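Peer 1: model this:
(2 chains)
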Amino acid sequence: MLQNLNVMRDTSHINALENEAIYIFREVAAQFERPVLLFSGGKDSITLVRLAQKAFWPAKIPFPLMHIDTGHNFPETIEFRDRLVEELGLELIVRNVQDSIDQGKVKEETGRYSSRNSLQTTTLLDAIEEFKFDACIGGARRDEEKARAKERIFSVRDDFGQWDERNQRPELFDMLNGQIELGQNVRVFPISNWTELDVWSYIKEEQIEIPSIYFAHKRKVFLRDGLIWSHSEYVYQEDDEEVLERMVRFRTVGDMSCTAAVFSNATDIESVVEEIRDSSISERGARIDDKRSEAAMEKRKQQGYF
Amino acid sequence: MEVLKIATAGSVDDGKSTLIGRILYDTKSLTSDKLEAIEKTSKSKGYDYLDFSLATDGLVAEREQGITIDVAHIYFSTNKKSYIIADTPGHVEYTRNMVTGASTSQAAIILIDARKGVIEQTNRHFFINNLLRIKDVVVAINKMDLVDYSEETYNSIKADFEELMAKRDYQDQKITFIPVSALKGDNVVNKSDKMSWYTGPALLEHFEALDRKDIYNVGTPRFPVQYVIRPKTDEHHDFRGFAGKVYGGELSVGDEVIALPSQTRSKIKDIYFHDKKYQTAARRSSVTITLEDEINLSRGDMLVKAGDLPTIEKQFTATVSWMDSDQLTAGKKYVVQHGVNKVLAKVDNIHHKINPDYSGIDTEVNGLGMNDIAQVTFKLNKPIFYDKFKDHRTNGSFILVDTQTNNTVGAGFIS
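Peer 2: From the prediction side, this is the model:
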């Protein structure tokens, strides 16, 4: 059946963002030898997979997915990841932070705020070297955080994976310069210009399946510093921090140790979109890793973090 | 709902960050945790007002020095539109960032401090927005609270600016003057009650009212082939799709097209977006096109409508905005990236430098330094298919890539 693309694609801003992301995916496939899509099992990387499917149909997505597994993920995310990969016939590479710890390359953090989040960087850089990846596609968005607002769509990293924020390539019109030297790699952000609400609206419009932890469910949690932490063997908890059972959901999904929940009764996608629309707290407000300091993200990025 | 991207330009201390912070605050786009961070930092600095500039200054060095280093993107939306503000710094040395921010924007704000009026920097901001052919420009005369909301001051700045406008190359650019106080919130999102002499819209009202035709130029369709899709599966054995973005106009099934550079004719068989077929591909849509005839096309080739050929040449002259600390000199070679097409180019002649403050041209040129703007002729190792920038913003622009460092070192607008 023929439809009028003009009417559909030229007026809605979500469609404009979708067209831009597809363009970026095709640039990656054309300009790089060994791209990889960094897949965390979170809603942003799931959205990336859908966009990549659209970009290359009827061909398969011409690059693998890679998950840097901290070992502290929500089990729901891992189950979801494996099912998605199987259903779509994708290639998945998994590299474990535990291996980097066992090899003595990084040291496990201890104490109240211990997390494996920042340890991922070493495992990621090692994997990039192992597979000689020249482009790593990620789901970061400029609206997430102040340092990310300055990030390019094609962001060049040196041999050490570092981000030099003062010396970024200018990006003009929609021309993307992916030319690099051997050893360098490019981080690519196809949904740079999407907001959190855009991602949720797209998930709703496209009926994309996402892990169950994004919807309200009963969970054992405890409260600390005004944030809702998961009660889990991976999360450090003081004896006097009382375990409660509450209806919560997650707005962002990282490690259990760095992702706080929000109280919510939104059990389906419609009510989640409504909740985000009305929300007065930013998404990263529930990221424990960003609360460490005013410049937390910028510092991690300079070290090669995604 | 549409997306409107607005480039902002202002000098140091013109209050650009405050203006953006004010827009976010008055449209209730600042989340409570961000607002809390602003309140906390404002208080610790001993301010008795909220320092909205903290909403936008992202990098540590910027916060230390209280300046904006790089283009930052800020997102907010109203019921009518989705907005992206490209916050570009206004220092003299950061022309490259302004050109970059303006290249992806459809509208612009030029900020003027009401106490200082039109200064040399204003000329530069206007020049760049005009060079980039931004269709809609707002001149926001800020800090009106500090000049007692004086109509006389506003009129005199407006008259000075109108003198500049007489010198502009792109005369059809629409320019609107709005007196504002970003700090106090006058005429930013809400109309001010302190300037009854001003009858026009508030800043955001102006942008809300912009229509598609106010911000986009309609030209002829150009389809650069970005990627060739050949699945080679049993189901799609003979599928050969040309993936790319349609620029400047629309393409429809049945259109007679010419493939460049071979100049072979064919017809559009199908237009796909994902797995669905469409009759017409809209401007800026990322589609996959199949042709009636089996033609060999690869990345960098182009489909155009029959009877609507671009210029096909091995040389061109362009206005170049230089963005690198290494000089551009005659005889040097660069990669010209024209859309998705790359060719090797040699600088044939630097005709003259253009002073971006409207003070004239400079014909004694040995080389171009960072932030210089000049008229340059390039010779190419193979022909490209281009339009003039004034006729086609996409097919008339290119970037220059250094063959050694691989950095993007300049941008050009074909004359």
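Peer 1: So which helix or strand of chain A has the lowest pLDDT on average?
Peer 2: helix A:5-9 (a mean of 45; mean pLDDT, DSSP states H and E).
Peer 1: I'd like the next helix or strand past the longest helix along chain A.
Peer 2: Longest helix of chain A, by residue count under DSSP state H: helix A:13-31. Following helix A:13-31 in sequence order, the next helix or strand is strand A:35-38 (DSSP states H and E).
Peer 1: re earlier: please work out the average pLDDT along the longest helix of chain A.
Peer 2: Average pLDDT, helix A:13-31: 95.
Peer 1: what's the answer for stretch B:119-132, then?
Peer 2: The average pLDDT within stretch B:119-132 is 93.
Peer 1: Kindly report the same for stretch A:80-99.
Peer 2: 94.
Peer 1: what about it and chain B, touching?
Peer 2: No: contact between stretch A:80-99 and chain B is absent, the nearest approach being 11.2 Å (criterion: Cβ under 8 Å from any Cβ of the partner chain). For the C-beta atoms, the positions are set from N, CA and C on the backbone; glycine is no exception.
Peer 1: which residues sit against that stretch?
Peer 2: Contacting residues not belonging to stretch A:80-99 are listed as A:36, A:39, A:41, A:46, A:49, A:53, A:60-61, A:64-71, A:106, A:116, A:119-120, A:123-124, A:126-127, A:130-131, A:209-212 [Cβ atoms under 8 Å, 6 or more residues apart in numbering or on different chains].
Peer 1: what about residue 118, how many neighbours?
Peer 2: Picking chain A for this. 17 (other Cβ atoms under 10 Å in any protein chain shown).
Peer 1: that answer is for a different chain, and I need it for chain B
Peer 2: Neighbour count for B:V118, taken as other Cβ under 10 Å: 22.
Peer 1: what about it, helix or strand, and which?
Peer 2: Using DSSP H and E, B:V118 falls outside every helix and strand.
Peer 1: One more: the one 4 residues further on?
Peer 2: Assigning secondary structure by DSSP H and E places B:T122 in helix B:120-131.
Peer 1: Output that helix as CSV, restricted to C-alpha atoms.
Peer 2: C-alpha atoms of helix B:120-131 as CSV (Å, rounded to 0.1, in the frame of the first residue of the first chain):
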residue,chain,number,x,y,z
GLU,B,120,32.3,45.6,16.4
GLN,B,121,31.3,42.1,17.6
THR,B,122,27.7,42.8,16.6
ASN,B,123,28.9,43.3,13.0
ARG,B,124,30.6,40.0,13.1
HIS,B,125,27.6,38.1,14.5
PHE,B,126,25.4,39.7,11.9
PHE,B,127,27.8,39.0,9.1
ILE,B,128,28.0,35.3,9.9
ASN,B,129,24.3,34.8,10.2
ASN,B,130,23.9,36.6,6.9
LEU,B,131,26.7,34.6,5.2
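Peer 1: for that helix, which positions count as buried?
Peer 2: In terms of neighbour count (16 or more other Cβ atoms under 10 Å in any protein chain shown), helix B:120-131 has its buried residues at B:121-131.
Peer 1: Against which helices or strands is it packed?
Peer 2: Under the contact criterion of 3 or more Cβ pairs under 8 Å, 6 or more residues apart in numbering or on different chains; DSSP states H and E, helix B:120-131 touches strand B:2-9, helix B:95-103, strand B:107-113, helix B:151-165.
Peer 1: what does the model give A:A140 for pLDDT?
Peer 2: The predicted local distance difference test score for A:A140 is 91.
Peer 1: which residue sits closest to it in space, ignoring its chain neighbours?
Peer 2: A:F189 (5.1 Å; Cβ to Cβ, 6 or more residues apart in numbering or on different chains).
Peer 1: which residues touch the one you found?
Peer 2: A:24, A:137-141, A:151-153, A:155.
Peer 1: Save these as a markdown table, and put in neighbour count and secondary structure too.
Peer 2: Converted to a markdown table, those look like this (neighbours: other Cβ atoms under 10 Å in any protein chain shown; DSSP: H, G, I helix; E, B strand; the rest coil):
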| residue | neighbour count | secondary structure |
| --- | --- | --- |
| A:I24 | 22 | helix |
| A:I137 | 27 | strand |
| A:G138 | 22 | coil |
| A:G139 | 25 | coil |
| A:A140 | 20 | coil |
| A:R141 | 23 | coil |
| A:E151 | 24 | coil |
| A:R152 | 22 | coil |
| A:I153 | 21 | coil |
| A:S155 | 23 | strand |
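Peer 1: Now for the nearest residue in space to B:D301 that is not next to it in sequence, how many residues are close by?
Peer 2: Leaving aside its sequence neighbours, B:D301 sits nearest to B:V225 (Cβ to Cβ, 6+ apart; 4.8 Å). By the measure other Cβ under 10 Å, the count of residues near B:V225 is 22.
Peer 1: Go ahead and confirm B:V225 touches B:R299.
Peer 2: Yes: if you go by Cβ atoms under 8 Å, B:V225 and B:R299 touch, sitting 5.8 Å apart.
Peer 1: which residues are in contact with both of those two?
Peer 2: With Cβ under 8 Å, 6+ apart, B:V225 and B:R299 have common neighbours B:V340.
Peer 1: is it true that B:V137 touches B:Q106?
Peer 2: No: counting by Cβ under 8 Å, B:V137 stays clear of B:Q106, with 10.7 Å between them.
Peer 1: Output the below-cut-off pLDDT ranges for chain B.
Peer 2: For chain B, the stretches with pLDDT under 70 are B:1, B:55-70, B:90-93.
Peer 1: what residues are up against the nearest residue to A:S232 once chain neighbours are set aside?
Peer 2: Leaving aside its chain neighbours, A:S232 sits nearest to A:M256 (5.1 Å; criterion: Cβ to Cβ, 6+ apart). Shown in contact with A:M256 (Cβ under 8 Å, 6+ apart): A:72-74, A:230, A:232, A:234-235.
Peer 1: now the helices for the stretch 51-200 of chain A?
Peer 2: Taking DSSP state H, counting those that start in this stretch as the test, the helices found in the stretch 51-200 of chain A are A:75-88, A:97-102, A:120-131, A:196-206.
Peer 1: typed the wrong thing, it's chain B
Peer 2: Listed in chain order, the helices of chain B (DSSP H) span residues B:16-26, B:32-44, B:60-65, B:95-103, B:120-131, B:151-165, B:203-208, B:212-215.
Peer 1: And the contacts of the first one?
Peer 2: Counting by Cβ under 8 Å, 6+ apart, helix B:16-26 makes contact with B:8-10, B:29-30, B:35, B:38, B:50-57, B:68, B:74, B:76, B:85, B:87, B:90, B:109, B:111, B:140, B:142, B:180, B:182-183, B:185, B:188-190, B:203-204, all of which sit outside it.
Peer 1: got it, and stretch A:61-69?
Peer 2: By Cβ under 8 Å, 6+ apart, the list of residues contacting stretch A:61-69 from outside reads A:28-29, A:34-41, A:49, A:52-53, A:56, A:78, A:81, A:85, A:88, A:90-97, A:120, A:123-124, A:127, A:131, A:133, A:136-137.
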